[in-house]
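In: coordinates for the following, if possible.
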Amino acid sequence: MEGFVKKFSLLFLVFILTLFNFVFCADTVLEKAKKHITEVEPTMASMLINTDKKIFILDVRSKSDYDKGHIKGAVLIPSNQVLGNIRENKVYEQINTGKVPDKKQAIIIYSSDGDDGLLAGYLLREKDYNFIFNIRGGFENWKKENLNYEKSKSIFGLF
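Out: Prediction:
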């Protein structure tokens with residue numbers, strides 16, 4: 001019985017340490033991203049987009065979120081696929097065709113609430129992309145500001 005308690009205690013300790021590491025490392029990466037990625041308000045992002053047609057607009061949400069509404073001209077590369085798609089110089093094949101940004105191009109990133117945009121921006125920053133802006137509060141803030149966006153057309157033309 002004593003051996004079982006020791007093994008259980010050890011497993012429990014490993015579990016707690018793993019959980020602790022996961023929770024605090026995630027916050028650390030997000031905090032680093034906040035220090036290295038410039039956040040802009042939705043109205044400022046809209047002004048930048050309307051002023052400079054060469055800005056690359058990157059949507060890092062899911063396909064279903066993108067289909068419900070996205071900034072006009074945005075390229076969808078879900079956050080879990082950003083690095084792979086950028087490295088291979090392609091965009092998310094099922095949505096957009098075209099090029100990914102070059103390293104001298106300004107990029108405006110957005111996610112649903114802003115956090116995934118920050119993390120994706122931080123990953124790109126680590127790959128020597130320098131002109132990265134994240135929309136503060138993400139697409140939710142964009143909609144709250146009543147800024148224009150478009151919806152994907154349904155295959156069946158019903159929506």
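In: show me where pLDDT drops low in the protein?
Out: Applying pLDDT under 70 to the chain flags the ranges 1-27, 89-99, 153-159.
In: just the strands in it please.
Out: Ranges of strands in the chain, per DSSP state E, are 38-40, 56-59, 75-76, 107-110, 132-135.
In: deepest of those, which one?
Out: Mean neighbour count (mean count of other CB atoms under 10 Å) peaks for strand 107-110 among the strands of the chain, with a mean of 27. The way it works is simple: take the backbone N, C-alpha and C, and place the C-beta from them, glycine included.
In: tell me, what residue is most central in this protein?
Out: Closest to where the C-alpha atoms of the chain average out (CA atoms, centre = their mean) is G117, at 3.1 Å.
In: sorry, back to before: please name whichever of the strands of the chain is nearest to Y66.
Out: Nearest to Y66 among these is strand 75-76; the distance by CB to CB comes to 4.6 Å.
In: re earlier: quick check: the residue nearest to the centre of the chain touching N134?
Out: Yes. When contacts are counted by CB atoms under 8 Å, G117 is listed as touching N134 (4.3 Å).
In: overlap in contacts, the two.
Out: Shared contacts of G117 and N134, defined by CB atoms under 8 Å, 6 or more residues apart in numbering, comprise I109, Y110.
In: rewinding a little: distance to N50 added to the strands of the chain, as CSV?
Out: Listed next are the strands of the chain as CSV, based on distance: least, CB to CB, whole Å:
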stretch, distance to N50
strand 38-40, 13
strand 56-59, 11
strand 75-76, 17
strand 107-110, 12
strand 132-135, 14
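In: neighbours around F139, how many?
Out: 26 (other CB atoms under 10 Å).
In: that one: what's it in contact with?
Out: Contact analysis of F139 by CB under 8 Å, 6+ apart lists D59, R61, D65, G69, H70, I71, Y110, S111, S112, Y149.
In: same question for K127.
Out: L83, I86, R87.
In: which residue packs closest to the second one, ignoring adjacent ones?
Out: Just to be clear, that refers to I86. On the basis of CB to CB, 6 or more residues apart in numbering, the spatially nearest residue to I86 that is not a chain neighbour turns out to be V100, at 5.2 Å.
In: one more: the last one?
Out: The spatial neighbour of R87 that comes closest, neighbours along the chain excluded (CB to CB, 6+ apart), is K127 at 7.7 Å.
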